[in-house]
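# kindly return the folded structure for what I paste below:
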Amino acid sequence: MILELLRPEPEWLRGISAALRIVCYVACLGAAGLGIFTFGFERLQEPRDAAACRRMTLALVAVGLASSLAWLAAQVALASDGDPFDAEVWDMMLTSRPGVSVLIAWAGLIALALVAWIGRAAIVVGAAGILAVAVSFTAIGHTTQHQPRLLLAAALVIHLLAVAFWAGSLWPLALASRRGGPAAARLVEGWTRVAIWAVGGLVLAGVVLAWLLVGRLEVLVTTAYGWALLTKVALVGVLLGFAAWHKFRLTPALAANAPGSGARLAASIGWEIVVMVLVFWAVAEMTSTSPQGEG
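Got it, this is the predicted structure:
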């Protein structure tokens, strides 16, 4: 979005498309992450927090459906000289990679909505929905244009599932932390033990993706894609800093029932959510340019 607006003659429609992509990332991966969190940790939540998470999942599903549809309309407009309602282009778009990606994402989001409505009894449907949301991103983007295609797709799915788990867990963790008490401490500590493995998978898959897509170190400082990637890496470093601070300082204080510890952890997680949204922005910038530069 910002990369487009910094051009000498920016195309506003492309900037809007990138902004919609950020919203889509946040909503789709947030809903998938809340689904993962629910399956793994709902038993440790307060009933009212679990109910709030189900409502948030439904809200994110609605935003994901709307934003992905709006993004697809923007692609139609870009392909038809500004007409987002061109029926002929819509017919072509729905069978193209962007259209297939959105349709797969919709299937996953609808499955997640069903789980939020029914509950853990639909766990198989929910697992399929989570996987579908992650797989939808392999239908478009740079991983479709480079080899080895299968390895890139697998690394992207692993990377996105780990991102979804991390991003989708932040809000319910903040809810629990704000309440404080031993139950909140058990939830945060249990999540942290799993998150260590998820972060390892996220980093490993991210390194594989970066190496296969970028190939040469000079690309990192000579292309817009490289700078966006470096920005993303820096922001992920900030997130890891938050994670370390929470694990070694704020979570032990919460477990010890130190005065104000829950409020401090909840506030810190709030800032972590802000940084996570910035990570999604950096990813949207990466998808709007080529790893090999404009030429």
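# can you tell me the helix or strand for residue 88?
If you go by DSSP states H and E, residue 88 is part of helix 87-94.
# give me the buried positions along that helix.
Buried residues in helix 87-94, counted by 16 or more other C-beta atoms under 10 Å: 89-90, 93. Every residue, glycine included, has its C-beta placed from N, CA and C.
# quick one: that helix to chain centroid distance?
Here helix 87-94 is found 27 Å from its chain centre; the criterion is C-alpha atoms, centre = their mean, to the nearest Å.
# count of neighbours near residue 225?
Other residues lying near residue 225 total 24 when counted by other C-beta atoms under 10 Å.
# same deal with residue 199?
Counted with other C-beta under 10 Å, the neighbours of residue 199 add up to 17.
# mind giving me the packing neighbours of the helix holding residue 88?
helix 47-79 (3 or more C-beta pairs under 8 Å, 6 or more residues apart in numbering; DSSP states H and E).
# try it again at 10 Å.
Contacts defined by 3 or more C-beta pairs under 10 Å, 6 or more residues apart in numbering; DSSP states H and E place helix 87-94 against helix 47-79, helix 97-118.
# alpha carbons only: can I get that helix in PDB?
Extracted in PDB, the C-alpha atoms of helix 87-94 (Å, rounded to 0.1, in the frame of the first residue of the first chain):
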ATOM      1  CA  ALA A  87     -19.500  -9.400 -15.600                       C
ATOM      2  CA  GLU A  88     -17.100 -10.800 -18.200                       C
ATOM      3  CA  VAL A  89     -14.100 -10.100 -16.100                       C
ATOM      4  CA  TRP A  90     -15.800 -11.500 -13.100                       C
ATOM      5  CA  ASP A  91     -16.400 -14.800 -14.900                       C
ATOM      6  CA  MET A  92     -12.700 -15.000 -15.700                       C
ATOM      7  CA  MET A  93     -11.600 -13.800 -12.300                       C
ATOM      8  CA  LEU A  94     -13.600 -16.500 -10.400                       C
END
